[in-house]
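Participant: Predicted model and sequence below, questions to follow.
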Amino acid sequence: MKYYGAKELAESFRTVRKNTIQAAEEIPEEKFGFRAAEGTRSVEKILTHIGLSHRFQHRFHAIEKRTSFEGFDFPALFAEFTAEEAKPRSKAEVIALLKETGETWAKYLEGLSDDFLSESVSMPPDTTPAAKSRFEMLLSVKEHEMHHRAQIILMQRMLGIVPHLTRQFQERMAAQTSSQTQRAQS
């Protein structure tokens with residue numbers, strides 16, 4: 001019995017990205033330079049990081065088709081990604097990046113086979129576990145985005161913005177309370 005494959009992975013990633021984009025859209029452009037603390041990324045840089053972060057997994061699995069980290073040049077990759085993230089972007093450019101890269105990544109995911117997702121990848125020496133499935137590695141893109149989106153949500157709160165997911169929850173609770181009250185009065 002199959003519960004979660006490529007199609008589900010792609011759809012769950014699309015849901016996460018949709019919520020990230022909505023959070024980004026709700027932050028005024030003049031607040032894109034906001035930082036929660038000295039030495040941290042700004043709203044713009046966190047969102048740009050989210051938009052670009054799938055590229056490691058894409059390079060590893062789709063381009064280089066690796067089954068091991070042996071010989072992988074992390075310093076060169078880190079330098080490349082740092083330079084790309086450092087480019088200044090407007091709010092519109094960041095949102096366009098999130099939309100474009102999100103859909104590109106989701107389309108890649110939905111085209112993967114169960115056999116590919118179940119393949120084992122050897123981790124770097126002296127790490128635990130010694131190997132992971134491609135599925136687990138690819139799922140980490142969504143997990144990574146959710147981690148950084150939590151930072152964005154906290155920054156929204158610091159800027160006086162009630163995040164959309166909170167508003168939606170509050171609306172559902174108000175509707176349920178109203179419905180229960182109406183039933184009790186009948």
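Facilitator: Perfect, I can see it now.

Participant: Mean pLDDT per helix and strand in this protein: which one sits at the bottom?
Facilitator: Counting by mean pLDDT, DSSP states H and E, the chain has its least confident helix or strand at helix 164-185, which shows a mean of 89.

Participant: neighbouring contacts of that helix?
Facilitator: Asn19, Gln22, Ala23, Glu26, Ile153 (CB atoms under 8 Å, 6 or more residues apart in numbering). Glycine gets a C-beta too; all of them are placed from N, C-alpha and C.

Participant: quick check: angle from the one helix or strand Leu138 maps to to helix 164-185?
Facilitator: Assigned by DSSP states H and E, Leu138 falls within helix 134-158. In terms of direction (axes from the mean of the first three to the mean of the last three CA atoms, to 10 degrees), helix 134-158 departs from helix 164-185 by 80 degrees.

Participant: And helix 134-158, what does it pack against?
Facilitator: Contact partners of helix 134-158 among helices and strands, from 3 or more CB pairs under 8 Å, 6 or more residues apart in numbering; DSSP states H and E: helix 6-26, helix 43-52, helix 54-57, helix 114-118, strand 120-122.

Participant: Which of the three states applies to Arg89?
Facilitator: Secondary structure for Arg89, judged by DSSP: H, G, I helix; E, B strand; the rest coil, is coil.

Participant: right, and it touches Leu97 too?
Facilitator: Yes. Between Arg89 and Leu97 a contact is recorded at 6.9 Å, counting by CB atoms under 8 Å.

Participant: who touches both of those two?
Facilitator: Counting by CB under 8 Å, 6+ apart, the residues touching both Arg89 and Leu97 are Thr48.
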